[in-house]
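A.B. asks: got a sequence here, can you model it:
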Amino acid sequence: MEALYGMTDDQRAILETVRKFAQEFVAPRVAALDANKDPLDCFSWEIIEKSHELGIRTMTLEEQWGGLGLDSLTTAMVVEELGKVDLGTSVVLAQTFKIAQIMQLALNEEQKQRVLPVFANDPRGVLAIGMTEPGNGSDKHMSFPVPFATSAERVEGGWRVNGMKHFISNGNRASWYMVMVQTDRKKTMQDGATCFLIERGHPGFTIGRVHDKMGERLANNAELVFQDCFIPDANVVGKLGESNAVFANFSPMSNAYAGASVLGVATALYNKSVEWAQLRVQGGKPIIEHDGIRAQLGEMRMLIDASRAYVHRAAYLADHRELGWDATLGMLPKAMAAQAAWKIATWTLEIHGGYGYMKEFGVEKLVRDAAAFLHSDGVNRTLFLKAAKSMFRI
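C.D. replies: Residues are numbered from 1 along each chain as shown. A predicted model of the protein is given here:
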């Protein structure tokens with residue numbers, strides 16, 4: 001686990017490219033995009049196209065498909081670097097990184113040949129997964145005995161799908177989607193749902209409302225609507241009724257990437273706190289000279305370093321499960337990083353006083369962003385329960 005004790009030369013080079021992209025290209029655009037009233041106007045194709053030009057967008061594709069074949073640990077480091085500048089940008093690309101990895105493992109050879117070259121060559125190619133529905137979100141994580149509302153009826157040559165997903169990251173922007181659909185209504189979403197591959201613009205598949213979010217605004221989340229949508233058998237990913245296995249087997253890194261995204265926000269908040277504490281004079285001296293402030297900065301640093309170590313461990317073991325992977329690593333690192341980020345956000349507000357509440361200082365945006373992962377990628381309390389279930393088999 002080189003990143004815990006020092007980076008490799010390849011990792012340093014990759015992170016330098018990402019850091020330069022984030023600081024020089026993304027950062028100057030963030031405030032204006034975040035301030036747009038319409039969530040559609042917060043997203044930037046310009047950022048995605050630049051990431052494509054630099055080879056960032058396709059980093060997790062194997063070399064045969066035109067990428068770098070990044071491992072999950074290095075990808076988590078990239079995701080955090082992006083999150084330090086903007087959470088939304090980090091999420092858009094983290095989703096794409098993750099799903100590209102899943103596709104390379106889960107798609108059959110015909111599906112790979114049909115999808116991956118097109119995705120690799122599309123400067124605007126981003127990806128999405130359709131799981132969460134208006135009536136259920138945590139049900140998926142808690143294995144409650146209920147089906148997905150989005151369901152499919154068997155017809156000649158394929159399936160007729162009806163229903164809706166919502167809160168889907170990249171939902172209105174993706175070119176390809178992996179969607180979980182109930183194909184056996186007598187069973188649960190754990191044993192009766194199937195994963196389908198679907199392209200944007202497919203007949204019967206439309207985009208609904210784009211959600212107007214408090215934070216993470218440079219990433220769009222949207223509804224996916226299916227109305228008598230025919231999906232051919234050729235678009236079934238894996239085996240019928242085994243969508244749960246597709247994601248369990250091929251996306252152990254998902255939680256680590258989510259943790260890395262919000263860890264970037266935590267680091268940005270910490271950096272603002274340190275800078276402000278060195279500048280702000282109170283009681284005749286910079287507030288960093290006050291014991292309480294220094295101690296609080298020390299605790300922030302501890303929470304960030306501990307969360308990063310946990311995220312990196314999960315990301316590394318996702319690729320080397322034989323070395324000690326356990327199910328809790330797919331749940332708890334994100335929860336830890338999200339809780340740390342939220343605590344650091346409130347402390348940063350306190351350190352800045354009234355200035356932190358004013359938009360022009362940039363703390364306000366980071367606080368809104370930090371709130372996103374208290375629930376995103378699984379509600380924290382739900383993830384604790386899911387982890388406990390795997391620990392104690394109750």
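A.B. asks: could I get the full set of helices for the stretch 151-300 of the chain?
C.D. replies: With helices called from DSSP state H, counting those that start in this stretch, the stretch 151-300 of the chain shows them at 243-250, 254-279, 291-319.
A.B. asks: and the angle for the longest one with helix 254-279?
C.D. replies: The reference is to helix 291-319. 160 degrees (axes from the mean of the first three to the mean of the last three CA atoms, to 10 degrees).
A.B. asks: quick one: list the elements packing against helix 291-319.
C.D. replies: helix 2-5, helix 72-85, helix 254-279, helix 332-352 (3 or more CB pairs under 8 Å, 6 or more residues apart in numbering; DSSP states H and E). Quick note: C-beta positions are derived from backbone N, CA and C, even for glycine.
A.B. asks: what angle do the longest one and helix 332-352 make?
C.D. replies: Helix 254-279 and helix 332-352 are oriented at 20 degrees to each other (the same axes, to 10 degrees).
A.B. asks: show me how far helix 254-279 is from its chain's centre.
C.D. replies: The chain centre lies 16 Å from the centre of helix 254-279; the measure is CA atoms, centre = their mean, to the nearest Å.
A.B. asks: give me the three-state assignment for residue 61.
C.D. replies: Here residue 61 is recorded as coil under DSSP: H, G, I helix; E, B strand; the rest coil.
A.B. asks: run a quick neighbour tally on it.
C.D. replies: Residue 61: 23 surrounding residues under other CB atoms under 10 Å.
A.B. asks: do residue 152 as well
C.D. replies: Residue 152, neighbours per other CB under 10 Å, totals 27.
A.B. asks: who does the residue lying closest to residue 199 once chain neighbours are set aside bridge with?
C.D. replies: For residue 199, ignoring the flanking residues on the chain, the nearest one in space by CB to CB, 6 or more residues apart in numbering is residue 176 at 5.8 Å. Legend: beta-bridge partners of residue 176 under DSSP bridges are residue 127, residue 199.
A.B. asks: if we can go back for a sec, tell me, which of the helices and strands packed on helix 291-319 is the model least confident about?
C.D. replies: Ranked on mean pLDDT, the bottom entry among the helices and strands packed on helix 291-319 is helix 2-5, at a mean of 51.
A.B. asks: okay, angle between whatever helix or strand comes next after that one and helix 72-85 too, please.
C.D. replies: Following helix 2-5 in sequence order, the next helix or strand is helix 9-21 (DSSP states H and E). Put simply, helix 9-21 runs at 20 degrees to helix 72-85, going by the same axes, to 10 degrees.
A.B. asks: helix 9-21 - contacts with which helices or strands?
C.D. replies: Looks like helix 9-21 contacts helix 72-85 (3+ CB pairs under 8 Å, 6+ apart).
A.B. asks: from the contact counts, what lies against the helix it packs on?
C.D. replies: helix 2-5, helix 9-21, helix 87-106, helix 254-279, helix 291-319.
A.B. asks: 7 Å - rerun?
C.D. replies: If you count contacts as 3 or more CB pairs under 7 Å, 6 or more residues apart in numbering; DSSP states H and E, helix 72-85 packs onto helix 9-21, helix 87-106, helix 254-279, helix 291-319.
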